[in-house]
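A.B. asks: for reference, the sequence and a predicted model appear below.
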Amino acid sequence: MFDTNELVINMGPQHPSTHGVLRVVLRLDGEKVVDADVVIGYLHRGIEKLSENRNWTQIVLLTDRMDYVAAATNNVGYCETVEKLLQIEVPRRARYVRTILCELQRIASHCLWIGTHAMDIGAMTVFLYAFRERELILDLFEEFCGARLTYNSMRIGGLPQDLPPGWDKKVLQFCDIMDSKIVEYEELLTHNRIWLERTKSIGIISGEDAIALGLSGPPLRGSGIPRDLRKDEPYAAYDEMQFDVPIGTAGDTYDRYLVRLEEFRQSLRIIRQATEGVPEGPIVGKVPRLIKPAAGETYHAIESPKGELGYFIVSDGKSTNPYRFRVRPPSFCNLQALRRLIKGHLIADVVALIGSLDVVLGEVDR
Amino acid sequence: MVDSVVIPLLKIVIVLNATLVAVTYMVLLERKVIAWAQSRLGPMRVGPYGILQPVADAVKLMIKEDITPVRADRWVFTAAPIISMVPALIVYAVIPFGPKITLFGRQVALYITDINVGLLYIVSVASVGVYGIILAGYASNSKFPLLASLRASAQLISYEVAVTLTLVSVILMSGTLSMVGIVDAQYNQHVWYIVAQPVAFVLVLIGGLAETNRAPFDLPEAEQELTGGFHTEYSGMRFALFFLAEYANMIVVSSVVTTLFLGGWLPPFPNTAALHFLYAIPSWVWFFLKSFCFLYLFIWIRATLPRYRYDQLMALGWKFLIPLAIVNLVVTGIVKVLLL
């Protein structure tokens, strides 16, 4: 007479909380998730293949479109990889500016994350607050390179142009503003009972599992693994900066939240040091007119706001475009954990966990 | 004739219209207050400071295409918004906006009717409203709304019990179920029940939030999880009816809380002779002021708090609110018997 079935429900690709075009096919028992299928590919534009048909300088522009909320970090990662391939020395001034841009970008990206993550859990005011601060960073980027989203803010060998006059003061002003705003986010969330209940012991992942799944960035550090490429394999000017790598203990959503929140503060610390210490000097190294690296391959990874962003590039030494262009996107690798994380949780946790992994579908699909 | 037919009809027309206007402006108020909380401006385009926004909203909703999904249960789908809206409106019949006053030499009571089971009437009618939500989710024949309607029914059951149990302790204090009688009792006992029954006040407030599906208990329409919940498949005026019902219910809850705990239309410290000049302000102004505070509080809470999860909401209701309501009821009873 009665017949109980699992309810298969399709979440996405059009769903307000799948952060773009992620599709999750949930199999539910009541509201409990029995199993889930994570489907990606709705934003695939073939950036890797496209890059193999563009010359080396044009690719910077394409990298903007991967993690479109952290375009500057993508630019830096790509340019550094090509520089490694060409064995170009980048001037110290350029490396400092790259550090500042990367960290500003990290704050902007984390602003977007905290806003949407809190919004998914129902706290909508944080979203507007975080976007208010993100706006300030976009203004800084606009002043530096003219764009607000897809910056194209790097050149192979250095920077496209020098810092605008007075820019450094504005950056320091922003740091002071941001300091007080982080406190606002914390007031709304960190000790909020409902927030605690919604995030504590939700989606626990142990350190070993996190490594096995290939997680990187805040999801890995939230599980207590202190891996941060800025410390472990310093690039740009990170070897000259003082900062700590925050790690979590439990590996749940709340710890990932705390890790990212602390990263706001550490990023501000780095920005302050870098801005005050920007050395004088040239902004571009000795770059050949025609970029045509010798045959060979290289892999270089940087710590993007989402995790380890790596570029693997093969040059055949004959043409003016890469022979093979491959990206190791942190969002894609982090998304692998989603299925494991949401099993056994409720629908409401699914959106919280997608938010907690902080994926950008532009980067997942490329 | 005039007293028995014309005046009640007139009152009904006034209350209904005032309610609907209040509800539309409630929407504007919510948008404005939340905007201010979020350092935005809110609606600013339609009329000065957006005060004509409700008109624009209403026109937009009326001219929108009215879609019934092919696989929906047509009759139930149509009936659901009505079932939601009607209880929200007829509850106003027993809400006292003021005492009897003299208007043009005629005794006029500032309420439509005063029945001796007023509170019971409110509780029972208000609980009918949720059928609208349940049926909407069922009739849509769509998975997200179905989950939402299951949530709504579970939520209603757990919170209805807590609220009703709590109301019993108020009734114990006042000795009457009549809404007017409860206000009079607060006057005669020289105490607002927010002082005499603080626990009950908090319980009713939380339960009221949950019953009107307001944040942090807005699970049936959790946009981020269920893409709008029970009204996902609704468009145009049918959607508007759900929307209006929600806000009408909010006003009901704040009116009821005002009446039960804040002395209804009475000014602050109604028995203190030194403060008798407060009676110069009309009674209904006091009533609306107090209700407004609660409405503001509801909006404020929505701007501040994240949403509870389904199981946590149940746990809060059954493991915390209901036991507390029972304890409160027992303590009230004992104190009443021993001391009064």
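C.D. replies: Okay, I see it. Residues are numbered from 1 along each chain as shown, chains lettered A, B, ... in the order given.
A.B. asks: low-confidence ranges, chain A, go.
C.D. replies: In the predicted model of chain A, residues A:1-2 satisfy pLDDT under 70.
A.B. asks: where does it get nearest to chain B, which residue?
C.D. replies: Nearest residue of chain A to chain B (Cβ to the nearest Cβ) works out as A:G122 at 2.8 Å. From N, CA and C alone the C-beta is placed, and that goes for glycine too.
A.B. asks: ok, the nearest residue to that residue once chain neighbours are set aside - contacts?
C.D. replies: Among residues not flanking A:G122 along the chain, B:R307 sits closest, at 2.8 Å (Cβ to Cβ, 6 or more residues apart in numbering or on different chains). Taking Cβ atoms under 8 Å, 6 or more residues apart in numbering or on different chains, we find B:R307 in contact with A:121-123, A:194, A:198, A:348, B:215-219, B:222, B:224.
A.B. asks: which of those fall within helices?
C.D. replies: Secondary structure from DSSP state H places A:I121, A:I194, A:R198, A:A348, B:Q224 of these in helices.
A.B. asks: touching, the third one and A:A123? I think so.
C.D. replies: Meaning A:R198. No - using Cβ atoms under 8 Å, A:R198 is not in contact with A:A123; the gap is 9.3 Å.
A.B. asks: PyMOL command for the buried members of the contacts of B:R307?
C.D. replies: Those of these that count as buried under 16 or more other Cβ atoms under 10 Å in any protein chain shown are selected in PyMOL with:
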select buried, (chain A and resi 121+122+123+194+198+348) or (chain B and resi 215+216+217+218+219+222+224)
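A.B. asks: quick revisit: JSON lines for the ones in helices among the contacts of B:R307, including distance to A:C79?
C.D. replies: Shown next, in JSON lines, are these (distance: Cβ to Cβ, whole Å):
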{"residue": "A:I121", "distance to A:C79": "37"}
{"residue": "A:I194", "distance to A:C79": "44"}
{"residue": "A:R198", "distance to A:C79": "40"}
{"residue": "A:A348", "distance to A:C79": "42"}
{"residue": "B:Q224", "distance to A:C79": "37"}
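A.B. asks: out of the residues you listed, which is nearest to A:L163?
C.D. replies: Ranked by distance to A:L163 (Cβ to Cβ), these are led by A:I121 at 38.5 Å.
A.B. asks: return the residues of chain A in contact with chain B.
C.D. replies: Contact residues (Cβ under 8 Å from any Cβ of the partner chain) of chain A with chain B: A:7, A:9, A:15-17, A:31, A:118-125, A:127-129, A:132, A:188-189, A:192, A:194-195, A:197-198, A:346-351.
A.B. asks: kindly recompute the last result at 7 Å.
C.D. replies: A:7, A:9, A:15-17, A:31, A:118-123, A:125, A:128-129, A:132, A:188, A:192, A:194-195, A:197-198, A:346-348, A:351 (Cβ under 7 Å from any Cβ of the partner chain).
A.B. asks: confidence-wise, which helix or strand of chain B is lowest on average?
C.D. replies: Sorted by mean pLDDT, DSSP states H and E, the helices and strands of chain B end with helix B:223-226, the least confident at a mean of 66.
A.B. asks: where do the strands sit along chain B?
C.D. replies: Per DSSP state E, chain B carries strands over the ranges B:100-103, B:106-109.
A.B. asks: give me whichever of these is most buried.
C.D. replies: strand B:106-109 (a mean of 13; mean count of other Cβ atoms under 10 Å in any protein chain shown).
A.B. asks: alpha carbons of that strand, as PDB, please.
C.D. replies: Taking Å, rounded to 0.1, in the frame of the first residue of the first chain, the C-alpha atoms of strand B:106-109 are listed here in PDB:
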ATOM      1  CA  ARG B 106     -22.600  57.800  18.800                       C
ATOM      2  CA  GLN B 107     -20.900  55.100  20.800                       C
ATOM      3  CA  VAL B 108     -18.500  53.300  18.400                       C
ATOM      4  CA  ALA B 109     -16.200  50.500  19.400                       C
END
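A.B. asks: so which elements touch it?
C.D. replies: strand B:100-103 (3 or more Cβ pairs under 7 Å, 6 or more residues apart in numbering or on different chains; DSSP states H and E).
A.B. asks: so where is chain B shaky, pLDDT-wise?
C.D. replies: Scanning chain B for pLDDT under 70 picks out B:1, B:220-225, B:227-228, B:340.
A.B. asks: circling back: show me which of the residues of chain A next to chain B are buried.
C.D. replies: A:9, A:15-17, A:31, A:118-123, A:125, A:128-129, A:132, A:188, A:192, A:194-195, A:197-198, A:346-348, A:351.
A.B. asks: now the contacts of B:R307 in JSON lines, with distance to B:T166?
C.D. replies: Listed next are these as JSON lines, based on distance: Cβ to Cβ, whole Å:
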{"residue": "A:I121", "distance to B:T166": "29"}
{"residue": "A:G122", "distance to B:T166": "25"}
{"residue": "A:A123", "distance to B:T166": "28"}
{"residue": "A:I194", "distance to B:T166": "22"}
{"residue": "A:R198", "distance to B:T166": "26"}
{"residue": "A:A348", "distance to B:T166": "27"}
{"residue": "B:A215", "distance to B:T166": "21"}
{"residue": "B:P216", "distance to B:T166": "19"}
{"residue": "B:F217", "distance to B:T166": "16"}
{"residue": "B:D218", "distance to B:T166": "21"}
{"residue": "B:L219", "distance to B:T166": "21"}
{"residue": "B:A222", "distance to B:T166": "26"}
{"residue": "B:Q224", "distance to B:T166": "31"}
